[in-house]
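In: A structural model of the following input is requested.
(4 chains)
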Protein chains: 4
Amino acid sequence: MLTYFTAGESHGKCLVTVVDGLPYGTPIDVDFVNRELARRQGGYGRGARMKIEKDEVEVLSGLRHGKTIGSPVTFGIANKVQNIEELTELTKLRPGHADLAGAAKYGTEDARNVSERASARETAARVAAGALAGHFLGLFGVDVLGYARAIGGIESSLTLVDPEEIRRRREASMFYMIDPQAEDRIKAQVDEVRAAGDTLGGIFEVVALNVPPGVGTYARWSEKLGSRIAAAIMSVQTVKGVEIGLGFEAARRKGSQMHDEIVKGDEGSIRRHTNNAGGIEGGMSNGERIVVRGACKPISTLRTPLRTVDLKDKEPKSAQYERSDICVVPAASVVGQAVVSFEIAAAFLQKFGADTFEDVQDNLRRYRARLQEMKLAYGRG
Amino acid sequence: MLTYFTAGESHGKCLVTVVDGLPYGTPIDVDFVNRELARRQGGYGRGARMKIEKDEVEVLSGLRHGKTIGSPVTFGIANKVQNIEELTELTKLRPGHADLAGAAKYGTEDARNVSERASARETAARVAAGALAGHFLGLFGVDVLGYARAIGGIESSLTLVDPEEIRRRREASMFYMIDPQAEDRIKAQVDEVRAAGDTLGGIFEVVALNVPPGVGTYARWSEKLGSRIAAAIMSVQTVKGVEIGLGFEAARRKGSQMHDEIVKGDEGSIRRHTNNAGGIEGGMSNGERIVVRGACKPISTLRTPLRTVDLKDKEPKSAQYERSDICVVPAASVVGQAVVSFEIAAAFLQKFGADTFEDVQDNLRRYRARLQEMKLAYGRG
Amino acid sequence: MLTYFTAGESHGKCLVTVVDGLPYGTPIDVDFVNRELARRQGGYGRGARMKIEKDEVEVLSGLRHGKTIGSPVTFGIANKVQNIEELTELTKLRPGHADLAGAAKYGTEDARNVSERASARETAARVAAGALAGHFLGLFGVDVLGYARAIGGIESSLTLVDPEEIRRRREASMFYMIDPQAEDRIKAQVDEVRAAGDTLGGIFEVVALNVPPGVGTYARWSEKLGSRIAAAIMSVQTVKGVEIGLGFEAARRKGSQMHDEIVKGDEGSIRRHTNNAGGIEGGMSNGERIVVRGACKPISTLRTPLRTVDLKDKEPKSAQYERSDICVVPAASVVGQAVVSFEIAAAFLQKFGADTFEDVQDNLRRYRARLQEMKLAYGRG
Amino acid sequence: MLTYFTAGESHGKCLVTVVDGLPYGTPIDVDFVNRELARRQGGYGRGARMKIEKDEVEVLSGLRHGKTIGSPVTFGIANKVQNIEELTELTKLRPGHADLAGAAKYGTEDARNVSERASARETAARVAAGALAGHFLGLFGVDVLGYARAIGGIESSLTLVDPEEIRRRREASMFYMIDPQAEDRIKAQVDEVRAAGDTLGGIFEVVALNVPPGVGTYARWSEKLGSRIAAAIMSVQTVKGVEIGLGFEAARRKGSQMHDEIVKGDEGSIRRHTNNAGGIEGGMSNGERIVVRGACKPISTLRTPLRTVDLKDKEPKSAQYERSDICVVPAASVVGQAVVSFEIAAAFLQKFGADTFEDVQDNLRRYRARLQEMKLAYGRG
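Out: Below is the predicted model of the structure:
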């Protein structure tokens, strides 16, 4: 079973990522992990902190000669500022953060311990885990790609199907978008919002290409592929909504306009012309592209601070300002890609998993042959 | 740890619900469970099957003298038609169902075994589990209430805060809605769609009232309250989208318009005037009403059938028609309420849990006193 | 992941067994399950209750046409006496039972609720799960066989390696032993102890034949094959000790007398002449016979009752007498076989598991070929 | 839920210990952890490696101002020799090690990757986790103490009940024994065995003092306190047997000689005069001292090497010799104490757990008062 676990605080020694369950002999690309960490730190609209921290993993366990050896893989990601013991109190509770709920939970007037772990800094550890998983999937021809789809109210509904084109375009974009049309307007909006001391949210999209059908299950609700993905996306700091395929639009359509009819392709194989389901039916991948969206609220820390109460003296105050970003949707798209990669890889290994990487390859080969015999399409790249 | 597990097929002996982890001595209301099962079967727009099955639980284990005894609670829900051994093959794969993906997964041309478990009939077992959990929460003053919010494209954005009024209104509504205004238009729409052999989706909303702050956690992504709820909602057959609080609308707002400022109430206690976060910040309840929405696609089985392919002869066919409903959003609102109840109860017991029901009461009392001392509001009823 | 779960009380409606994770298409032998349930009820030295209950499973879910269909398998085992609501109080705490600790745990003077679930009756549900797992292993040539090895102080150290001979002999034995020599002396001992109103314990042994090497893991302590087996054996009511291979005798040997040297067999394959490790090294099967023993304390309910205190009035009393057995070691050997079967099957499926039964067969075939190439022995039958 | 996880190889960067679930505000004693790590490295009969590695934890996450902060605690334990990338092949499979089974599992002729993780070096990470748990229990008056009880065939059956005396005596002993009588004979035996190039096993014992009754459960087999402890003990490298209380001796006794009668103490409270059950009945602590034993096989690596086969050329060879110890029973007693501490702490927190350390204290206080009212003894120190 492929699982991961993160530990670490924003200003402690380091973040820690433990990934357990990769098959023996899986080639690991640490550079890819580091590039994803760098991407998480980029994007227009980021604050000062992003500049001082250049995240890189240190391999603590689980690799030898560039491959997994059957034991857990552990990464450390050092914090550049490690002053957790000296941090001041955080008593002016910041709306939109974990401060109030955490202070209540632990019966403390000082939410500093809470903010140290609840901070989005933790997502670096998840990007590391997700990058491992994403690279693993890539070795089997599966591409998982996240990009920003909307920032503030400005949305692009462009759909691209070529992974290389998606990569090229999002790399060229300061917002990690695949539609260059919207960029200028968005940049203007970000600059305006920054000037006003305000923040912006947006929507990211993650697509998974070439996932074979039958990954996931209908039999246990908690292991449905959609459930796993929804939990993962909603767990990303700032996310308030998740959609698969048409998402909320599906609630407005009639059945005849929604469901993806099954047709006989030219070469005799069974396929679809539409993908409103977003690649998931009955808790399983159906061979079409998996399409997921996450809605990010605007960053909770505003330079023009929100009203709050000081938990110490119970008096109204302005919320504590900690240096922050204007818009993290590009970064969230990296995190979204990571967590979706992980859930798909975990479900993939529940289906094709074995002790060794070569056995997984064999399993997949046999499955592909079986689908071919049944005239079922293997996946949609 | 409160967990549940379901088993059973649509035309097997029975559905089975196992609930483990309720504290010793918890009063159980089997009638409430049965009423929820009946509600799941109701609503305008249901098909013939709902009429022949009148679900009721049989207590198989875990109760004595109307209370839990520390061991797992098991319910059976008999199927009225138990002909699983005689069912015919299902080879004309139904778009929108698990048929194609399940047939691929198991290498079978006959998706009957798949449809028997993947069917939404399974949600009856989850309603039973959720009703147990919901009743349990009710004993601590927490109300979890689901209702339909939109059917087809017709939506009502009414917000009600009195649990009794919500209950009264949704019981008076053939669509389990709380806004009587929209009913006539919706009924007309359903009738029209039925006549056309088509189906309708919609949106349900679940609110949880009076959940104390600090339930859930920010420390482990998979136990964040929002993640658990998102997974549970997305696991409901037909759901393609989940929102908490403002949901996707949050992606379009500025920070200054989104975050719920923290203010000093009249009585000196710390509270909010808005609830855009939907009661969850940092993976935890924040003391405000929890507000969740699920987007249901229209039912996949249409009387005017969709195009498909027969897995036996690989030839184009009309999708197999199995008697079905026009619109299940009212039923989905019952399932949604159930699964959200369960996740909140599970997180609630992670925080306040103990071996006995009385100990949980004590724990909650002490927490309430501590919040009062801190001037933090206990919950919003 | 293969897991099971049991529910049910001694005098409730029924016991419930849920087995999740058997591959799609696994042939199930319900008769074998029932025969194991019958064996659990047999053996010389049993009390009256065994005669009135003739356990049989009712299939509640998960099977169709005699095979699994990818969804959880649920069994009910009806209790013949279902008077849980009418049972009298149990306040004279029985030494050796869960009564005192359970009464403390739940703050109750009446341990009846405790004894209803803590009773060894629950092992029937586990035998059902274990019989499923054992039959499954049998389809892959793995035999798991339990038998009594000692009763009271009278022990037999006979070692047999032919599964059919083990089955034949234990079936011929009123104590489920494989050494007929000791039977008469043991019967005399049981009769004597029965006359004295006392009880007897003993030791059972479980062997697993033909388990291929590499099942289990060294990488995660909780999934080591020995750990899983030790937990399972120690969980059987009455067990106070577990040994694998030489067990405590290993603590007295020198390294040169303990470890099983690795030698080149006639046919060139690599093997051992001894099996002091009991088939497990480094948390994994090593291809030799797995040998496990459990030490059962004598039954806690004596006709000549032990001294105790009444929790109601805190006065000394004789322990409550509930009709009981003299010696349950034969039954414990059936339970031991069941729980070891389950743990081996679960670890086996972690290694060879796949969505379908046929895929598991394929996986095993490939593994066998690989071992042959490496000149490593596949297993020891 | 209190859990832990270890990662790391013998010659990699470091070992990693993650402990999740300690309540917020728990005081942590890192010095105690380091002292336990040092004890694990001590004892007469250790090899050269123990001298070059002086283990100490580095706190990577989860602590601030000497207390837990609700997030996972992570320790790193640096390896002194970090040459995992340069290690030579291990093809002459060592009997008693994971080599053969691991090579089979992963289809490799070189068992080096296997030995790096399967090595007993991993137990350092577990000692760190167990020391955290043990210190935590100590804050609630629970002492968990491990010591060697037998080495080779020389056993001491001394029973001590005063924790300070146990600590003092085992610290004075080069074998971590509490009975000085046997020391000289054991030392002579170790020297003799060392001279012969052979190795020795033995038995360690762990006692847990003052555990309140009702910790653990009878309701779920896998969470029975005895099951958890048995799994933990059996998971320790070299262990082949586990006993609780009388263990295998119980199998030879009559019921009247085994079960611990319940009596009315002088002060009116309900207690026992004997403790043959070893403090566990019905899967729960019963308020008496918990007594556990583990049987260690002699170390598998002998200077006078065992016969084996080389997996490369399939020819008979002498097993690879890697510098090693003569007898690790003292070290195993430290590991045994650690893993038992952890399982008891985990079960303790399932019963008394809460979000904060102070809440746990409150819960325990209330429980103690309830037991007093019921006249049930709280524990046995």
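In: so residue A:125 touches residue A:8, yeah?
Out: Yes. Judged on CB atoms under 8 Å, residue A:125 makes contact with residue A:8 at a distance of 6.1 Å. C-beta: built from backbone N, CA, C; applies to glycine.
In: between these two, which contacts overlap?
Out: A:15, A:16, A:77 (CB atoms under 8 Å, 6 or more residues apart in numbering or on different chains).
In: closest one of those residues to chain D?
Out: For those, the residue nearest chain D by CB to the nearest CB is residue A:16; the value is 4.9 Å.
In: that closest one: neighbour count?
Out: Counted with other CB atoms under 10 Å in any protein chain shown, the burial measure for residue A:16 works out to 27 neighbours.
In: any part of the helix or strand where it lies near chain C?
Out: In this structure, residue A:16 sits in strand A:14-20 according to DSSP states H and E. Yes. Among the residues of strand A:14-20, residue A:20 lie within reach of chain C under CB under 8 Å from any CB of the partner chain.
In: report the angle between that strand and strand D:14-20.
Out: For strand A:14-20 against strand D:14-20, the angle between stretch directions is 90 degrees (axes from the mean of the first three to the mean of the last three CA atoms, to 10 degrees).
In: residues touching residue A:187, list them.
Out: Under the criterion of CB under 8 Å, 6+ apart, the contact partners of residue A:187 comprise A:44, A:174, A:175.
In: quick one: contacts for the first one?
Out: Going by CB under 8 Å, 6+ apart, residue A:44 touches A:174, A:175, A:187, A:190, A:327, A:330.
In: which of those residues sit farthest apart?
Out: A:187 and A:330 (12.1 Å; CB to CB).
In: any shared contact partners between those two?
Out: Common neighbours of residue A:187 and residue A:330 are listed as A:44, A:174, A:175 (criterion: CB under 8 Å, 6+ apart).
In: using JSON lines, please lay out these together with pLDDT.
Out: Conversion of the shared contacts of residue A:187 and residue A:330 to JSON lines gives the following (pLDDT from 0 to 100):
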{"residue": "A:44", "pLDDT": "88"}
{"residue": "A:174", "pLDDT": "95"}
{"residue": "A:175", "pLDDT": "96"}
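In: residue of the stretch 1-150 of chain A nearest chain B, please.
Out: Using CB to the nearest CB, the single residue of the stretch 1-150 of chain A nearest to chain B is residue A:98, 2.3 Å away.
In: contacts only, for that residue.
Out: Counting by CB under 8 Å, 6+ apart, residue A:98 touches A:111, A:114, A:115, A:118, B:218, B:281, B:282, B:283, B:284.
In: try it again at 10 Å.
Out: Taking CB atoms under 10 Å, 6 or more residues apart in numbering or on different chains, we find residue A:98 in contact with A:105, A:111, A:114-115, A:117-119, A:237, A:300, B:214, B:216-219, B:224, B:281-284, B:286.
In: residue A:65: neighbouring residues, count only.
Out: Per other CB under 10 Å, the neighbour tally for residue A:65 reads 10.
In: quick check, pLDDT for it.
Out: Taken from the predicted model, the pLDDT recorded for residue A:65 is 97.
In: got a list of what the closest residue to it other than its chain neighbours touches?
Out: For residue A:65, ignoring the flanking residues on the chain, the nearest one in space by CB to CB, 6 or more residues apart in numbering or on different chains is residue D:85 at 6.7 Å. Shown here is residue D:85, whose contacts under the criterion CB under 10 Å, 6+ apart are A:63, A:64, A:65, A:66, D:11, D:12.
In: angle of the one helix or strand residue A:75 maps to against strand A:14-20?
Out: Secondary structure assigned from DSSP H and E places residue A:75 in strand A:73-78. For strand A:73-78 against strand A:14-20, the angle between stretch directions is 170 degrees (the same axes, to 10 degrees).
In: how far out from the middle of the chain is the helix or strand containing residue A:351?
Out: Following DSSP H and E, one finds residue A:351 within helix A:329-352. Helix A:329-352 has its average C-alpha position 6 Å from the chain's average C-alpha position, going by CA atoms, centre = their mean, to the nearest Å.
In: try stretch A:117-135
Out: The chain centre lies 8 Å from the centre of stretch A:117-135; the measure is CA atoms, centre = their mean.
In: same check on stretch A:128-141?
Out: Per CA atoms, centre = their mean, the displacement of stretch A:128-141 from the mean C-alpha position of its chain is 13 Å.
In: what comes up buried for that stretch?
Out: Neighbour-count burial for stretch A:128-141, with 16 or more other CB atoms under 10 Å in any protein chain shown as criterion, is recorded at A:128, A:129, A:130, A:131, A:132, A:133, A:134, A:135, A:136, A:137, A:138, A:140.
In: please tell me I have it right and the first one contacts residue A:75.
Out: Yes. Look at residue A:128 against residue A:75 with CB atoms under 10 Å: they come within range, at 5.0 Å.
In: which of the shared contacts of residue A:187 and residue A:330 fall in helices?
Out: Among these, no member is found in helices (DSSP state H).
In: re earlier: is chain B contacted by the strand holding residue A:75?
Out: No. Looking at strand A:73-78 against chain B by CB under 10 Å from any CB of the partner chain, there are no contacts, and the closest approach is 16.0 Å.
In: and that strand, which strands flank it?
Out: If you go by DSSP bridges, strand A:73-78 pairs up with strand A:14-20 (antiparallel), strand A:57-61 (antiparallel).
In: now the first one: how far from the chain's centre is it?
Out: Spelled out, it's strand A:14-20. A distance of 16 Å separates the centroid of the chain from that of strand A:14-20, by CA atoms, centre = their mean.
In: which helix or strand lies directly C-terminal to the strand holding residue A:16?
Out: Taking DSSP H and E as the definition, the helix or strand right after strand A:14-20 is helix A:30-41.
In: tell me what angle that next one forms with strand A:14-20.
Out: With the same axes, to 10 degrees as the criterion, the two stretches helix A:30-41 and strand A:14-20 enclose an angle of 130 degrees.
In: neighbour-wise, which of the contacts of residue D:85 leads?
Out: With neighbours set by other CB under 10 Å, the maximum within the contacts of residue D:85 is found at residue D:12, which has 28 neighbours.
In: not including adjacent chain positions, what is the nearest residue to it?
Out: Computed as CB to CB, 6+ apart, the closest residue to residue D:12 that is not its neighbour in sequence is residue D:84, at 4.7 Å.
In: same check, this time on residue A:362
Out: Excluding its sequence neighbours, the residue lying closest to residue A:362 (CB to CB, 6+ apart) is residue C:366, at 6.9 Å.
In: contacting residues for the residue nearest to residue D:12?
Out: With contact taken as CB under 10 Å, 6+ apart, residue D:84 is in contact with A:61, A:63-65, A:69, D:9-13, D:112-113, D:116.
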